[in-house]
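[1] sequence and predicted structure, then a few things I'm wondering about:
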Amino acid sequence: MASDADTRDYLYAVLNLPNTASQNEIRERYRALSVIFHPDKQHDERTSDTAASKFLDIQKAYEGEIYRRSPVFMDAFCQTRFFDKFMTAWVSPDRDLPSVPGLISPLVPQYTGPQGLKWKWPAELRSKDNEEVAQSAENQIKAALDEWEFDRRHDAVEQLLQPRGSVTCSINASSLFASGDVSAHNSQNVLNRIRGIGLATFGVRQSVTKRLGPKTTVALTGHSQTGSRNITRTLTGTLQHQFTPRFALELTAGFLKPYIVAAATTYNDNDNAVVLRTGFVPTLWRSLPPFLTLSVGRRLFRHSPTQGSATWTFSPGSPTSRLELHVHSSKPFDLTSPEEYTPAPDAGEPMFDNGPGSITGFGAGVGSWSSGLVLHGLESCFTVNYSVFLHELALRLKAGVEIGFAGAAYSISAKWSGKRTAFSTTAGVGNWGVFVRLELSYLRQKWMLPIVLSPENNETLALYSIIIPSTALALGYHFILKPRRRAQRATYFDAARRALKEDRSAVMRESENTVLLLREPARRHMDAERAIGGLVILEATYGPTAVDEDTAGLHVDVTIPLQALVHKSQLYVSNKVPKSGIQGFCDPAPETPKSLRVRYVFRDQMHYAEIPDLMPIVLPLRGKIRPLS
C-alpha cells in the first residue's frame, strides 16, 4: 500500500505541479490536461491510443489514486523494453530476466531447455529475431552456448557441495638478494645464489559444505602442510545451525591427532555482534586448559557506518592474553553522478547501478579505513589501514602501517576480481624481512605464492619490491583495464543508441505521439509568453550528463514538452520521479546519469541552464542566471 506522501508525489508528477500547489491550481491543471488528452478531442489515429492512456493517468492522479503502473515502475519497464524488445508482458523491475517465451529467440532454448531463459545472454544475441540468429556466425552462437553450459554445471556443483580449495607454496628467495663479497667468479656467485632458492613450506587445503536444511550446514575440511622439519595434517568437521536470525551455533571436531574440539556461538543484530569461541584437546584436558576468544562489535553512531570491535584471546602456554581494539568505517562514492552521493544510513553493502560508468574507471567505489591497537606484551603495536575499491575496474587497492616495540612495518596490495577469476599481489617490509605475495583464484580455488626476499629489513630491496609491482599495476591499468573500461562503456551506449532508434520501440512511439498532442498547446503558451516578455523555451535536450563521442545521438529533443509546462512565466517539475516520467520525455540511456539542458529567454535576455536528473526543474533560475552573449 502506497503512503500518503507517495500519493501526493505521484499526483504532482502527473499533473506537473509543485508540492505547494493549491486546490484551485490542481483543478485548473487537470482541466487543461483533460482538454489536451481527452479521447473525444483526438482526430489522428496515431495519437488516439496514447491520448487515452495519458487521460486515464491524469484522471486517476486527480482523484488521488495511485495507478498500479507508477512512474518508477514505468521507468523500469521502459529500460527493460529497450534491451529486451520481444517482451510483451509486464514484469517486476527487481527481476533480471523474466521467463517469457519469445524474450530470447526460440533457437537458443531448444538447445538449453527452459532454464536457458534465465541466463544473461549477450546483447548481440538477445536483440536478434529468429532469422537474424539463424544467420549469425556459428562460432558466436556456439561460444555463447558453451559458456552457458559451463556456468550451469559450475552452479550445480556449487549448490551441491560448495567446494573451496587453496594451495600455498612458500618460496625462500633470500639467497638471491643476500649481501656478500662479489669475487672474480661473478657467474659462479650468481649460480650459487640461484641454487639457494628453495621451497620453505607447501600446503593444501580443501573443504566441501553440504546444506542439510534451511538452517543447518555441515562442512568437511582437510589440510596438509609440509615444512623443512615437520609435516602437519588435519581433518575437521563442522556443524553449523542458525537457531534464529540473530543467534547461531557452530561445533568443530578434529578427526586426526590431536583431536581438537571447538565450539563457537554468534549473536548478531543490526547494531551489535558478539562471538564466543572456545576449544580444547580432550586427551590433554587436565594439563592444558581450553583456549578462549571473545569478540564484541558495535556500531558507534546511529547515522554512521563506523564500527568498533574488541577481541580478547586467551591461549594456553602464552604468558599473557591478547587484546585487540579496532575502529573501522567505509564510505561509498560515485563521481559519475552530478549530485553528491549520500547512501542511506542503514544501508549495508553499497549498491551501484549497471550503467556505463566513467571513462577512467575511477568514478565509483568504496573507501574504507581502520585503525587498531594490539596489547600483547612485546608484540603490542598500533595499526592503520586504508583501502579503496574501484567498482568499475573491480580493483581494490590497500595500504597498511604497523608500529610497535619491534619497529615499523608496512604493506601495499592490489586485487583484481572478475566473474570467475581474481588476482592479487602484496608487498611488505618489517622486522621479519621483505616479502612479496602473489595470489590467483579461479572458481573458488586459490593458489598462493609467498616469496621471502630477505629475512632482514633491507630498505633498498623494500623500495624495489614496492616500485616494481606498482609499475606493473600502472602498466596493466593503461594497457588492459582502461581499454577494457572504454570498450564496455562504448558497448553500453551503442546498445542504448540502437534501442533508441528502433522503429518497433513502443516507448519511442508513445513519446513522439505525446509530443504531437502537446505541440499546439506549447505553441499557444510560447506566443502568450513572448507577448509579455515571460519565459520562452528556445531549445531543450535531455540525455547523458557526459558529452563525448560515446554519447553522441543519445540526447532527446524535449523542447515542446517543456514549452507545454510553462505556466505564468514559471516552470517547475518535482524531483520525486525521474525526468523520463514527464509527459513527452523518454529515457535515452537507462541507468546513466542524465541532465536537462535548456536555452530560454526571460525578460528579453537569453539564458542557459543545465539541470541534473535528481534536481527539480525550476525556471527561470534564481541567483544562477547565466546570460548568453
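    Nice, thanks for sending it over. The structure displayed is predicted, hence computed values, not measured ones.
[2] now the strands for the stretch 101-250 of the chain?
    164-172, 198-211, 216-226, 231-242, 247-254 (DSSP state E, counting those that start in this stretch).
[3] can you list these in a markdown table and add distance to residue 428?
    Just so you know, the C-beta spots here come from the backbone N, C-alpha and C atoms, and that holds for glycine as well. Formatted as a markdown table, these follow (distance: least, CB to CB, whole Å):
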| stretch | distance to residue 428 |
| --- | --- |
| strand 164-172 | 14 |
| strand 198-211 | 16 |
| strand 216-226 | 21 |
| strand 231-242 | 24 |
| strand 247-254 | 31 |
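[4] which of these sits closest to residue 449?
    Distance to residue 449, taken as CB to CB, is lowest for strand 164-172 among the strands of the stretch 101-250 of the chain, at 5.5 Å.
[5] quick one: which of the strands of the stretch 101-250 of the chain is nearest residue 392?
    Here strand 164-172 is closest among the strands of the stretch 101-250 of the chain (CB to CB), at 28.0 Å.
[6] point out where the stretch 201-350 of the chain drops to low pLDDT.
    337-350 (pLDDT under 70).
[7] change it to 80
    Residues of the stretch 201-350 of the chain that meet the criterion pLDDT under 80 lie in 228-229, 285-287, 317, 319, 335-350.
[8] just to check, residue 240 is in contact with residue 263?
    No - under the contact definition of CB atoms under 8 Å, residue 240 does not touch residue 263, with a separation of 11.0 Å.
[9] more crowded one of those two?
    residue 240 (19 against 15; other CB atoms under 10 Å).
[10] distance check, that one against residue 499.
    Relative to residue 499, residue 240 is positioned 46 Å away (CB to CB, to the nearest Å).
[11] so for residue 240 and residue 263, which residues contact both of them?
    249, 250, 251 (CB atoms under 8 Å, 6 or more residues apart in numbering).
[12] show me what the second one is bridged to.
    Beta-bridge partners for residue 250, by DSSP bridges, are residue 240, residue 264.
[13] circling back: let me have the shared contacts of residue 240 and residue 263 in JSON lines, extended by neighbour count and distance to residue 369.
    Formatted as JSON lines, those follow (neighbours: other CB atoms under 10 Å; distance: CB to CB, whole Å):
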{"residue": "249", "neighbour count": "13", "distance to residue 369": "33"}
{"residue": "250", "neighbour count": "18", "distance to residue 369": "30"}
{"residue": "251", "neighbour count": "15", "distance to residue 369": "36"}
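[14] show me this protein divided up by domain.
    4-84+502-619, 300-445+458-497 (automatic domain parsing).
[15] any idea which of those domains is most buried?
    domain 4-84+502-619 (a mean of 17; mean count of other CB atoms under 10 Å).
[16] pLDDT on it, on average?
    Averaging pLDDT along domain 4-84+502-619 gives 72.
[17] I'd assumed residue 451 was in contact with residue 433.
    No - between residue 433 and residue 451 there is no contact under CB under 8 Å: 10.9 Å.
[18] what's the following helix or strand after the longest helix belonging to the chain?
    Longest helix of the chain, by residue count under DSSP state H: helix 506-532. Next helix or strand after helix 506-532 toward the C-terminus (DSSP states H and E): strand 535-544.
[19] which SSE is immediately downstream of that next one?
    strand 556-557.
[20] partner strands of that next one and their direction?
    Partners of strand 556-557 in its sheet, by DSSP bridges: strand 535-544 (antiparallel).
[21] mind checking how far the strand it pairs with is from the chain centre?
    Its chain's average C-alpha position is 32 Å from that of strand 535-544, according to CA atoms, centre = their mean, to the nearest Å.
[22] what's near enough to touch residue 223?
    203, 204, 205, 232, 233, 234, 235, 236.
[23] need the contact list for the fifth one.
    By CB under 8 Å, 6+ apart, the residues touching residue 233 are 222, 223, 224, 225, 256.
[24] what bridges to it?
    Bridge pairing for residue 233 - DSSP bridges - gives residue 224.
[25] one more: the first one?
    Residues in a beta bridge with residue 203, per DSSP bridges, are residue 168, residue 225.
[26] surely it meets residue 231?
    No - assessed by CB under 8 Å, residue 203 is found out of contact with residue 231, at 10.2 Å.
[27] which of the strands of the stretch 101-250 of the chain sits closest to residue 524?
    strand 231-242 (66.0 Å).
[28] residue 509 and residue 554, how far apart?
    18 Å.
[29] and residue 499, by the same measure?
    10 Å.
[30] ok, now residue 600?
    According to CB to CB, residue 600 stands 22 Å off from residue 554.
[31] need the helices for the chain, in chain order.
    Assigned by DSSP H, the chain shows helices spanning 4-15, 23-37, 45-62, 71-83, 109-112, 123-126, 130-135, 138-161, 186-195, 459-476, 482-501, 506-532, 559-565.
[32] residue 203 and residue 231 - which one has more neighbours?
    residue 203 (16 against 9).
[33] what residues does the more buried one make contact with?
    Shown in contact with residue 203 (CB under 8 Å, 6+ apart): 166, 167, 168, 223, 224, 225, 226.
[34] and the residues you listed, which are buried?
    The neighbour count (16 or more other CB atoms under 10 Å) marks 166, 168, 223, 225 as buried among these.
[35] hmm, back to that, from the contacts of residue 203, pick the one nearest residue 459.
    Of the contacts of residue 203, the one sitting nearest to residue 459 (CB to CB) turns out to be residue 168, at 27.8 Å.
[36] so how far is residue 440 from that closest one?
    Distance from residue 168 to residue 440, by CB to CB: 12 Å.
[37] with residue 447 instead?
    For residue 447, the distance to residue 440 - CB to CB - is 5 Å.
[38] likewise residue 27?
    68 Å.
[39] same check on residue 533?
    Distance of residue 533 to residue 440, given as CB to CB: 70 Å.
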